[in-house]
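Participant: what's the 3D shape of this:
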Amino acid sequence: MQNQSFVTEFIFLGLSQNPHMEKLLFLIFLLVYPATVVGNMMIVVTIIYSPALQGSPMYFFLAFLSFLDICVSSVVTPKMIADLVHERKTISFECCMAQVFASHFFAAVEVIILAAMAYDRYVAICKPLHYCSIMNRRLCGILIEVAWAGGLLHSTIQIVFTLQLPFCGPNVIDHFICDLFPLLKLACTDTHIFVILVFANSGSICIIIFLLLLISYGVILFSLRGHSSEGRRKALSTCGSHVAVVVFFFVPCILIYARPTSPFPFEKNVFVFTDVLTPLFNPMVYTFRNKEMIDAIKKMWRRLVVVSDKQ
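Facilitator: Residues are numbered from 1 along each chain as shown. As a prediction, the model looks like this:
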């Protein structure tokens, strides 16, 4: 089926039609976005320049996860902030498609990285004697390549679906970003088959990987019975941080994509949480619950202070 779209731009209704509320949201997200970028960048820089963390696969994946959080937030938040101060919120057809592709690309890469981090914790706790031989640089590199390839495949499938939709009339999106279900509502064709494809490509992936991650952490918790109390405490600390991030990411994903086409009343709020707030929470979760990260950040800041004093 060829795309017969006559729409050159879409109009967002945004998060609110109340001007006073929009000004408040503008100020909030104007603080949230820089904090997200700085917080995640601090994790990336700390891991790159900390010898104690560089060789650890866990921190290697954490640095990559923080980089992805910056990308996910940057796809959505700057445009949303700009729209909050404009009465007419528009996006071109091409930019809308680019936003769909980019948001699904980085989200899919993050899904695979979260799965890789769960496997890393499983090997570290359940097979500690073989950890270094299993989680070597080669395997970590392969997992990163798989994540990029998986994200590209997923987002390509999504954008191919979307480009098949004919948009020949309505162009007002009751949302603040371009995404699949809001666009399906505007298509001038029967979209039932597209809804099934969206569920198969996004909803089922969210559900299956989330269940697999829960099972993997169930196995990890079961294996901790034979560890010392100190070993259990340390393992639960690192695993607890990862589980919190997994829940923050996958529960909204399931709410958005693993559902029927009937309107979800809090859909925009869920998107705000998953695309804007979760990337801000992740660095907090991983730093405040991780003594090694806190110590590494302190050492890096001391080093920066010494260098600045010498200059």
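
Participant: CA only for contacts and neighbour counts going forward, please
Facilitator: Noted.

Participant: wait, L213 sits on A116?
Facilitator: No: counting by Cα atoms under 8 Å, L213 sits too far from A116 to count as a contact (9.9 Å).

Participant: What lies in contact with stretch 59-77?
Facilitator: 29, 33, 36-37, 40-41, 43-44, 47-48, 53-54, 99, 102-103, 106-107, 109-110, 113-114, 116-117, 177, 275-276, 279, 282-283 (Cα atoms under 8 Å, 6 or more residues apart in numbering).

Participant: Could you pull out the buried residues of it?
Facilitator: Under the neighbour-count criterion of 16 or more other Cα atoms under 10 Å, stretch 59-77 has 59-77 buried.

Participant: what's the answer for stretch 149-169, then?
Facilitator: Buried positions in stretch 149-169, judged by neighbour count with 16+ other Cα under 10 Å: 150-152, 154-159, 162, 165-168.

Participant: Export the residues you listed as CSV, with columns for distance to S223 and pLDDT.
Facilitator: As requested, the buried residues of stretch 149-169 are exported to CSV (distance: Cα to Cα, whole Å; pLDDT from 0 to 100):
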residue, distance to S223, pLDDT
G150, 30, 92
G151, 32, 93
L152, 35, 95
H154, 34, 91
S155, 37, 92
T156, 39, 93
I157, 39, 89
Q158, 39, 88
I159, 42, 91
T162, 45, 88
L165, 49, 86
P166, 53, 87
F167, 54, 87
C168, 57, 84
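
Participant: What segments of the stretch 1-150 of the chain are strands?
Facilitator: Counting by DSSP state E, counting those that start in this stretch, the stretch 1-150 of the chain has these strands, from start to end: 9-12, 89-92.

Participant: partners of the first one, with directions?
Facilitator: Pointing back at strand 9-12 there. Partners of strand 9-12 in the sheet, by DSSP bridges, are strand 89-92 (antiparallel), strand 172-173 (parallel).
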